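Asker: Fold the following for me, if possible:
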Amino acid sequence: MLILTLSPALARADDAGPSADTTSTQGCVEKLAKGAERPVMKDSFDLRGRSGYAATLTVTLTHKKAETVLPQGLSLDRASETAKELARAEFVLPDQAGPAKARLRAESKEPRPGYATTVLELPVVPLPATPGRHVLRLPPFPVTVARANGEVSTLCTLPHTITVEDPIASVPDARPQGNPPPLPQREDWKELREGLVWGSAGLLVGSLVMYGAYRWSKRPKPEPPPPPPRPPWEIALEALEDVRHAGLLETKRYGEYFDRVSDAVRGYLGARYGFDGLESTSAEILRALAATNVDGVAHAEIVAFLGECDLVKFANMTPTEGDCVKVVDWGETIVRKTMPRREGARRRTAESAQPNADGGQPNADGGQPAGDREQPAAGSGQPNAQAKADGRDGAP
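Answerer: The predicted structure is shown next:
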């Protein structure tokens, strides 16, 4: 983009410095810097033109490579003195934002070694005040050239004469033309533009907020914690109660009765003391219980219970109905004696407040029902120490 500032071109000769050579060219003052070589300048202008149409003044300068033409750039200011002088000569400067703007270019070909060529094309529009043919005179204006040390020389173009015709001078029987069709006028509606920008930004932010809220509402909900596992003694007592009411005694399936009672107690012991009771032999169960804090009485009853169950399972001993009734009470006694003391006290308190199975009231001393009492004495169905010593309590 060319920045053209035509400073006052018509300066007086006495404004030049004492060290410069000055020459006046019909009002334009040329000034050559001290010791500078005068560039070779050639300028030309159209001889004929039409009113209202641009005519181009072409200025060609041959100068040293170190010198710069128009060092301040090209700035066409219609309020400058040069522009006013042009207006008095019935010329105007065209709008520099349009196609008829001034151009400054450097030729690629060197005229001779150490020199360069710069071309300035300056369009001006002749506008005579009255219609008809006119001969107008383009006044000279300055062109500045700067040396490498910053000193500036000023050269003036020659005045040029141009014959200006009316645009319809060659049209026979010219008639006035109608007005052109109206054109839409564009207006920079700043408020609307800003409103659209802020509205779009608000819509975008609102959409992001709504999307974030939607994703937040669809986030995976934490699953409720599972119910706490049932205590193993509750499961064992429930299994023993199911054995009582399974109808196995009525169908004389005494072996299955013993197996179910044994599995209920073994599973309880494993869950209570941390081992796999159903997959362990009697000897393995007793070794696991030896490392726990099982009460001595309860431990002796567990040894006897496991020995009795192994006799039925591995020694092919056929139990009687009475043996089945005793073994289920025996298993329930083991469960109640090995459950936590607080839980056992709570359960005994709850059961003592209920009537006995035969419809009677609880014992007056608040004791346990028959199921909570200790197993019968020796000889009433429980194995003795001799049977244990004979090796009948362990699995093969």
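Asker: Next up, the contacts around the closest residue to Ser262 other than its chain neighbours.
Answerer: Counting by Cβ to Cβ, 6 or more residues apart in numbering, Ser262 lies nearest to Cys309, which is 4.0 Å off, once chain neighbours are set aside. For glycine as for every other residue, the C-beta is placed from the backbone atoms N, C-alpha and C. Shown in contact with Cys309 (Cβ atoms under 8 Å, 6 or more residues apart in numbering): 258, 261-262, 282, 327.
Asker: how about a cut-off of 10 Å?
Answerer: Applying Cβ atoms under 10 Å, 6 or more residues apart in numbering to Cys309 gives the contacts 258-259, 261-263, 265-266, 282, 319, 327, 330-331, 383, 393.
Asker: Go through the biggest helix by length in the chain and flag the buried ones.
Answerer: For the chain, the longest helix by residue count, based on DSSP state H, is helix 190-217. Of all the residues in helix 190-217, not one is buried under the rule 16 or more other Cβ atoms under 10 Å.
Asker: Just the ones of the contacts of Cys309 in helices?
Answerer: Using DSSP H, the members of the contacts of Cys309 that fall in helices are 258-259, 261-263, 265-266, 282, 327, 330-331.
Asker: could those residues go into JSON lines alongside distance to Arg88 and neighbour count?
Answerer: Formatted as JSON lines, the ones in helices among the contacts of Cys309 follow (distance: Cβ to Cβ, whole Å; neighbours: other Cβ atoms under 10 Å):
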{"residue": "Phe258", "distance to Arg88": "136", "neighbour count": "23"}
{"residue": "Asp259", "distance to Arg88": "131", "neighbour count": "16"}
{"residue": "Val261", "distance to Arg88": "132", "neighbour count": "26"}
{"residue": "Ser262", "distance to Arg88": "131", "neighbour count": "21"}
{"residue": "Asp263", "distance to Arg88": "126", "neighbour count": "16"}
{"residue": "Val265", "distance to Arg88": "128", "neighbour count": "27"}
{"residue": "Arg266", "distance to Arg88": "126", "neighbour count": "24"}
{"residue": "Ser282", "distance to Arg88": "132", "neighbour count": "21"}
{"residue": "Val327", "distance to Arg88": "137", "neighbour count": "26"}
{"residue": "Trp330", "distance to Arg88": "136", "neighbour count": "24"}
{"residue": "Gly331", "distance to Arg88": "131", "neighbour count": "27"}
